[in-house]
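Student: Sequence and computational prediction follow.
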Amino acid sequence: MSRDEKKAESRRRILDAAREVFFRDGFMRANLDEMAEKAGVAKGTLYRYFESKADLYVSVLADNLELFLERMEEAAKPRDSALERVRSIGEFYFSHWLEHPDYFQIFWAIDNESVIGELPREVIENIASFWESNLKILHGVLEEGVASGEFVPCDTWEIAHVLWSIANSLIDSDSTKARRQIRKRPLEPLYVHAIDTLIRGILVDPTRVELSPPSAVKPSTLIKSE
């Protein structure tokens, strides 16, 4: 095994061990000594690969980003209409959260450096670049919808950001019991209703989307119980 291969293997063992501890204990309680022991390395070795506990935490959360991007691209593939492509992206995003809820803590981590510690700027830049790549996929679908005459002329980059923000805000509303109580609606039907409401506003023919109250939309069997 070459030197580079050994370094890659050590980094992978550290990430695997850190994921287990972080996802079990959360950021604040997670113990670096335990991570090093599980990875089979000295504690000091952790800092050869990651600048801080915060850097390691975000690296764990970002570890499946390439897979996420591939699945996002798959969800956005051409269908009968731009409307169905936007809905497909929304469905993928929600199902990905159901399957990998721990990874969505990356939003909390990026927004709370004062809590977890300052992150290396290159880490922030890499994650920002990744998020922009995903937004570009959604933006491209919206652009094609305008070009085909399915959507009215609009600021498609702004719409992409609004959709992204709505999706993340609603998902974040499920993070605590208090937020779920304030929401007063099952999450999945509310999520679907919110996306359809926004998309209906840019459709040339809004009647293509028949809106029902969120309470009338049957949630999937995957949704987490309240």
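Tutor: Arrived safely.

Student: residues in contact with the closest residue to residue 81 other than its chain neighbours?
Tutor: Leaving aside its sequence neighbours, residue 81 sits nearest to residue 150 (Cβ to Cβ, 6 or more residues apart in numbering; 6.1 Å). C-betas here are computed from N, CA, C, even on glycine. By Cβ atoms under 8 Å, 6 or more residues apart in numbering, residue 150 lies in contact with 81, 82, 83, 203, 204.

Student: repeat for residue 115
Tutor: Residue 115 touches residue 27, counting by Cβ under 8 Å, 6+ apart.

Student: Work out for me the element it sits within.
Tutor: Residue 115 belongs to helix 113-116 when assigned by DSSP states H and E.

Student: Show me how far that helix is from its chain's centre.
Tutor: Distance, stretch centre to chain centre, for helix 113-116: 20 Å (Cα atoms, centre = their mean, to the nearest Å).

Student: For that helix, give the mean pLDDT please.
Tutor: Mean pLDDT, computed over helix 113-116, is 89.

Student: Which SSE is immediately downstream of that helix?
Tutor: helix 121-147.

Student: right, and the helix or strand after that following helix?
Tutor: Sequence order places helix 156-172 as the next helix or strand after helix 121-147, per DSSP H and E.

Student: helices and strands around that following helix, which ones?
Tutor: helix 82-99, helix 121-147, helix 187-200 (3 or more Cβ pairs under 8 Å, 6 or more residues apart in numbering; DSSP states H and E).

Student: Let me have those in JSON lines, extended by mean pLDDT.
Tutor: Formatted as JSON lines, the helices and strands packed on helix 156-172 follow (pLDDT from 0 to 100):
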{"stretch": "helix 82-99", "mean pLDDT": "94"}
{"stretch": "helix 121-147", "mean pLDDT": "93"}
{"stretch": "helix 187-200", "mean pLDDT": "93"}
